[in-house]
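**Q** build me a structure from this.
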Amino acid sequence: MLIYQVNVEIDASIKTTWVEWMKEQHIPAVMATGTFSRHIFNERIDSLDQNISIYTILYFCENESKLDEYFKKFAKKLQEEHNDRFEGNFTATRSILRSF
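**A** The predicted model follows:
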């Protein structure tokens, strides 16, 4: 099992709008690609910076070929949609984990 982890620091002033968009638009679009079996959307609650809200989205993938498919066919467009909508109000880091 592979886990595609996306960490996002979002300006706290727009967090409600961002969370709604993520739950109603972005995450469903990622899941509709058929490359992930499930996801978990988390909010970090121990942040010391009141101006920034921190979130982690974990997308679970059965194998490397499915993950490759996501990156080749879907990732760029979905990331661009996010960037266009929230540019200047977030930073994101991404990593791939292997679950044992």
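
**Q** longest single helix anywhere in the protein?
**A** helix 76-86 (DSSP state H).

**Q** what's it in contact with?
**A** Applying Cβ atoms under 8 Å, 6 or more residues apart in numbering, the external contacts of helix 76-86 come out as 10, 14, 18, 21, 26, 29-30, 92. No exception for glycine: its C-beta is placed from N, CA and C like everyone else's.

**Q** got the CA coordinates for that helix in CSV?
**A** Provided in CSV are the C-alpha atoms of helix 76-86 (Å, rounded to 0.1, in the frame of the first residue of the first chain):
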residue,chain,number,x,y,z
LYS,A,76,-0.9,18.4,-13.0
LYS,A,77,-4.5,19.5,-13.9
LEU,A,78,-5.8,19.1,-10.3
GLN,A,79,-2.8,20.9,-8.8
GLU,A,80,-3.2,23.8,-11.3
GLU,A,81,-6.9,24.1,-10.4
HIS,A,82,-5.9,24.4,-6.7
ASN,A,83,-3.1,26.8,-7.5
ASP,A,84,-5.3,29.0,-9.6
ARG,A,85,-7.9,29.3,-6.9
PHE,A,86,-5.7,29.8,-3.9
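
**Q** checking residue 94 next. Helix, strand or coil?
**A** Classification of residue 94 using DSSP: H, G, I helix; E, B strand; the rest coil returns strand.
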